[in-house]
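# A structural model of the following input is requested.
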Amino acid sequence: MRVVEELRDSLFGIMQRDPSTIVLGEDLLDPYGGAFKVTQGLSDAYPNNVITTPISEAGLVGVGLGMALRGRTVLAEIMFGDFLTLTTDQLVNHAAKVKWMFNDAVDASLVVRTPMGGGRGYGPTHSQSIEKHFCGVPGLTVMAVNQFQSPGALLKEAAELGSPVLFIENKIMYSKLVEPDRLVTYDRPDAVILTYGGVTEFCVQAAERLLDDEELTVEVVPVQHLSPMPADLIRTAAAKSDRIFTVEEGTESWGFGAAVAEEILSAGITPRHFQPISADPTAIPSARNWELEILPSVDKIERAIVASF
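Coordinates of the predicted model:
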């Protein structure tokens, strides 16, 4: 099954379990079914529960939050992750705070789904990975799917959490097969890669190449829960090898690699080699060849690991 199909099936399952669930966003209605087709078929099956909205990310998340405060489970879709900047007030100043502001008398079961990432030549305002700006916000959970762990199960978990979730998907991942068998574990790998989201595929491909070409064992550990970060998972993975790499599609500063480094150093783990691999600190160009130069790739990951020996 492909990632888009797992996510779509999960949405249908969520609606079947709780018929009061609301799905809202731009251009969701059939036959179009959303920009990346995750919601295709949903409005035909649940015409009263799928709401197509005007082009106002702030407005649709605000309306979704209001419905969630009235006891509904709400899944809101932001067409491109870059537009999350327009929802910051609703997510950071309102949704994430309500349980404390109202003394736990109310919480918001609001899941905001959105695709991040480049690789399609969409240019500077439609290709970013900006989820790091929302990590660390108290009361807001940030999750990220990958194709090697069940995307549908993670979306179900997000919907059942009962509190605000930012749910990160990836544009080029939707058509990929879900392949859990490709994740390989070792007792003492030569290197460990901690990663998340769409670049997990590049990490797995690099690990497979390095095993074939260099006889190096590289364990790829995808992280699905970005915030709060799963300390035990990070520390256990980092303790396996003295060469630790992090890979993220966003820029390096104040990002995933920095958070992983803090986690393992605070646990007293001091690897011989620690290296973050990320996007260059610049706007993402529309030209595909320049875009590929700026973003992480299989080749970049493979070269970095080989150079560490």
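# How many neighbouring residues does the residue lying closest to Ile294 once chain neighbours are set aside have?
What sits nearest to Ile294 in space, not counting adjacent residues and going by C-beta to C-beta, 6 or more residues apart in numbering, is Asp280, at 4.5 Å. Just so you know, the C-beta spots here come from the backbone N, C-alpha and C atoms, and that holds for glycine as well. Asp280 has 12 neighbouring residues, counting by other C-beta atoms under 10 Å.
# Same check on Ser266?
Neighbours around Ser266, by other C-beta under 10 Å: 10.
# Could you check the pLDDT of the residue nearest to Ile294?
Note on Asp280: pLDDT of 97.
# what's the distance between it and Arg120?
18 Å (C-beta to C-beta, to the nearest Å).
# With Asp232 instead?
35 Å.
# The two: which is more packed in?
Between Asp232 and Arg120, counted using other C-beta under 10 Å, the more crowded position is Arg120 (13 against 9).
# Can you tell me, leaving aside adjacent residues, what's nearest to the more buried one?
Distances taken as C-beta to C-beta, 6+ apart put Lys171 closest to Arg120, at 5.7 Å, once the chain neighbours are dropped.
# Next up, the contacts around that neighbour.
36, 115-120, 122, 198 (C-beta atoms under 8 Å, 6 or more residues apart in numbering).
# Can you say which of the residues you listed are buried?
Buried by 16 or more other C-beta atoms under 10 Å: 36, 115-119, 122, 198, out of the contacts of Lys171.
# In strands only, show me those residues.
The strands, defined by DSSP state E, take in 115-116 from the buried ones among the contacts of Lys171.
# the strands in the stretch 151-300 of the chain, which residues?
165-170, 191-195, 218-222, 225-227, 243-251, 273-279 (DSSP state E, counting those that start in this stretch).
# burial of Gly162, as a residue count?
For Gly162, using other C-beta under 10 Å, the count is 13.
# Next, give phi and psi for the nearest residue to it once chain neighbours are set aside.
Leaving aside its chain neighbours, Gly162 sits nearest to Ser109 (5.0 Å; criterion: C-beta to C-beta, 6+ apart). Note on Ser109: backbone dihedrals following degrees, to the nearest 10 are phi -90, psi 80.
# Begin at 756 from now on, thanks
Let's use 756 as the start, then, which means that last one is Ser864.
# which residues touch Ser864?
Ser864 neighbours (C-beta under 8 Å, 6+ apart): 823, 827-829, 914, 916-918.
# Same list, those residues, but as TSV with distance to Glu1004 please.
Putting these into TSV (distance: C-beta to C-beta, whole Å) gives the following:
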residue	distance to Glu1004
Ala823	29
Arg827	33
Thr828	29
Val829	27
Ala914	25
Leu916	25
Gly917	29
Ser918	26
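# closest to Ser765 among those?
For the contacts of Ser864, the minimum distance to Ser765 (C-beta to C-beta) is 8.1 Å, reached by Ala914.
# Against Phe957, how distant is that closest one?
Distance from Ala914 to Phe957, counting by C-beta to C-beta: 29 Å.
# Give me the pLDDT for Leu1047.
At Leu1047, pLDDT is 89.
# Counting neighbours, what do you get for it?
Per other C-beta under 10 Å, the neighbour tally for Leu1047 reads 16.
# contacting residues for it?
Counted by C-beta under 8 Å, 6+ apart, Leu1047 has contacts Gly874.
# taking the buried ones among the contacts of Lys926 as a set, which two sit the farthest apart in space?
Phe791 and Gly873 (14.6 Å).
# Now for the chain, the helix or strand with the poorest mean pLDDT.
Between all helices and strands in the chain, the lowest mean by mean pLDDT, DSSP states H and E belongs to helix 1043-1049, at a mean of 91.
# mean confidence for the helix or strand Leu762 falls within?
Secondary structure from DSSP states H and E places Leu762 in helix 758-772. Across helix 758-772, pLDDT averages out at 97.
# Show me what counts as buried in that helix.
The neighbour-count check on helix 758-772 (16+ other C-beta under 10 Å) flags 758-763, 765-766, 769-770 as buried.
# Kindly tell me how buried Glu1017 is, as a neighbour count.
Around Glu1017 there are 12 residues (other C-beta under 10 Å).
# what does Leu783 give?
22.
# need the contact list for it.
Counting by C-beta under 8 Å, 6+ apart, Leu783 has contacts 789, 794, 797-798, 805-807, 832.
# tell me the mean pLDDT over stretch 794-808?
According to the model, stretch 794-808 has a mean pLDDT of 96.
# Thought Gly873 was touching Leu1050, still the case?
Yes: here Leu1050 lies in contact with Gly873, judged by C-beta atoms under 8 Å, at a distance of 5.3 Å.
# returning to what we had before: go through the buried residues of helix 758-772 and name the one nearest Lys852.
For the buried residues of helix 758-772, the nearest to Lys852 is Ile769 (25.0 Å; C-beta to C-beta).
# That closest one against Glu912, yeah?
No: here Ile769 lies out of contact with Glu912, judged by C-beta under 8 Å, at a distance of 10.6 Å.
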